[in-house]
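> what follows is a predicted structure for the sequence shown.
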Amino acid sequence: MEYTAKYQSSVGEILLAADEIGLTGLWFEGEKFYADSLNPEHEEKELPVFENVRNWLDIYFSGKEPDFMPPIHMIGSPFRLSVWKLLQQIPYGETVTYGELAKMIAGQRGLSRMSAQAVGGAVGHNEISIIIPCHRVVGSDGSLTGYAGGMDKKKWLLTLEGVDMEKLFVPTKGKAL
């Protein structure tokens with residue numbers, strides 16, 4: 001069974017979802033894939049995991065790096081899970097490119113190369129945003145592309161973390177916004 005609760009953040013309402021194992025979803029209201037994987041037969045109910053996640057988010061939105069990880073339960077294909085595990089290794093306040101992630105995945109799988117677009121698809125379908133920091137992934141040219149929560153939120157989160165925004169930009173056209 002899946003359960004939901006809400007969290008009011010500095011940048012809008014967030015829907016939390018969890019099962020008996022841990023957090024299964026964290027979505028900004030109105031984002032591109034809002035509650036995409038949420039079981040239609042879920043129930044709104046307070047769980048200890050939600051208190052833990054709210055504590056993590058309170059610390060994060062105060063501009064500090066939380067020093068603990070709430071229990072999470074990532075659900076996805078083996079490929080997506082491998083990408084999401086790499087996202088968790090991106091340090092607070094830093095960014096990596098889709099191409100860099102693709103090289104890491106290729107290395108893990110013993111391949112000579114991996115499509116950055118395939119990696120981008122997995123990044124874009126991350127169900128536990130912020131905690132699994134997909135907002136820290138940028139284009140190789142410094143473009144802020146591919147954030148399901150919206151470019152305004154991606155910029156806000158990166159700025160909150162102290163990322164140098166000088167070399168980053170929102171493309172005007174031709175890139176996945």
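Sure thing, it's come through. No experiment lies behind these values; they were computed from the predicted model shown.

> state the three-state secondary structure for residue 15.
strand (DSSP: H, G, I helix; E, B strand; the rest coil).

> so who does the closest residue to it other than its chain neighbours touch?
With sequence-adjacent residues excluded and distances taken as C-beta to C-beta, 6 or more residues apart in numbering, residue 15 is closest to residue 27, at 5.0 Å. Bear in mind the C-beta positions are built from the backbone N, C-alpha and C, glycine included. Contacts for residue 27 (C-beta atoms under 8 Å, 6 or more residues apart in numbering) come out as 14-15, 33-35, 127, 129, 149.

> can you list the buried residues in stretch 92-111?
Neighbour-count burial for stretch 92-111 flags 95-105 (criterion: 16 or more other C-beta atoms under 10 Å).

> same question for stretch 72-83.
72-74, 80, 82-83.

> from the chain's centre, how far out does it sit?
12 Å (C-alpha atoms, centre = their mean, to the nearest Å).

> same thing with stretch 103-110?
Mean-position distance between stretch 103-110 and its chain equals 21 Å (C-alpha atoms, centre = their mean).

> send the alpha carbons of that stretch over as CSV?
Provided in CSV are the C-alpha atoms of stretch 103-110 (Å, rounded to 0.1, in the frame of the first residue of the first chain):
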residue,chain,number,x,y,z
LYS,A,103,30.3,7.8,-19.2
MET,A,104,29.9,6.5,-15.7
ILE,A,105,27.0,4.2,-16.6
ALA,A,106,28.9,2.9,-19.7
GLY,A,107,31.9,2.2,-17.4
GLN,A,108,29.7,0.3,-14.9
ARG,A,109,28.2,-1.8,-17.7
GLY,A,110,31.5,-2.4,-19.5
